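1. coordinates only, no sequence provided:
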């Protein structure tokens with residue numbers, strides 16, 4: 001019985017080690033995608049029309065009576 005447990009343990013360790021290095025590349029791709037999305041969002045928010053709308057919303061909120 002102990003021999004079978006050792007055999008299964010060795011087999012499971014071998015399958016887990018096949019993914020070595022994958023995590024780093026996945027993090028790198030996630031960071032690249034996040035930076036790309038952030039740049040796109042920055043371009044949209046800093047465009048003239050969106051900036052004017054945001055300023056109008058902030059002015060309206062600051063001039064509201066409580």
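-> Received it, and whenever you're ready, just let me know what you need. Just so you know, these numbers come straight off a predicted model, no measurement behind them.

2. could you use CA atoms for every contact and neighbour count after this?
-> Noted.

3. how close does residue 42 get to residue 29?
-> According to Cα to Cα, to the nearest Å, residue 42 stands 20 Å off from residue 29.

4. ditto for residue 54
-> Taken as Cα to Cα, the span from residue 54 to residue 29 is 32 Å.

5. burial of residue 45, as a residue count?
-> Neighbour count for residue 45, taken as other Cα atoms under 10 Å: 15.

6. so who does it touch?
-> By Cα atoms under 8 Å, 6 or more residues apart in numbering, the contact set of residue 45 is residue 51.

7. any idea of the pLDDT on it?
-> In this model, residue 45 is scored at 85, pLDDT.

8. then residue 5?
-> For residue 5, pLDDT reads 81.

9. just residue 9 next, same as before
-> On pLDDT, residue 9 comes in at 76.

10. now swap in residue 37 and tell me
-> Reported pLDDT for residue 37: 96.

11. okay, now residue 27: neighbour count?
-> Using other Cα under 10 Å, residue 27 has 11 neighbouring residues.

12. after the strand or helix carrying it, which helix or strand is next?
-> Per DSSP states H and E, residue 27 falls inside helix 22-45. Going down the chain from helix 22-45, the next helix or strand is helix 48-62, by DSSP H and E.

13. contacts for that following helix?
-> Residues outside helix 48-62 that contact it (Cα under 8 Å, 6+ apart): 44-45.

14. so how far is it off the chain centroid?
-> How far helix 48-62 lies from its chain's middle: 29 Å, per Cα atoms, centre = their mean, to the nearest Å.
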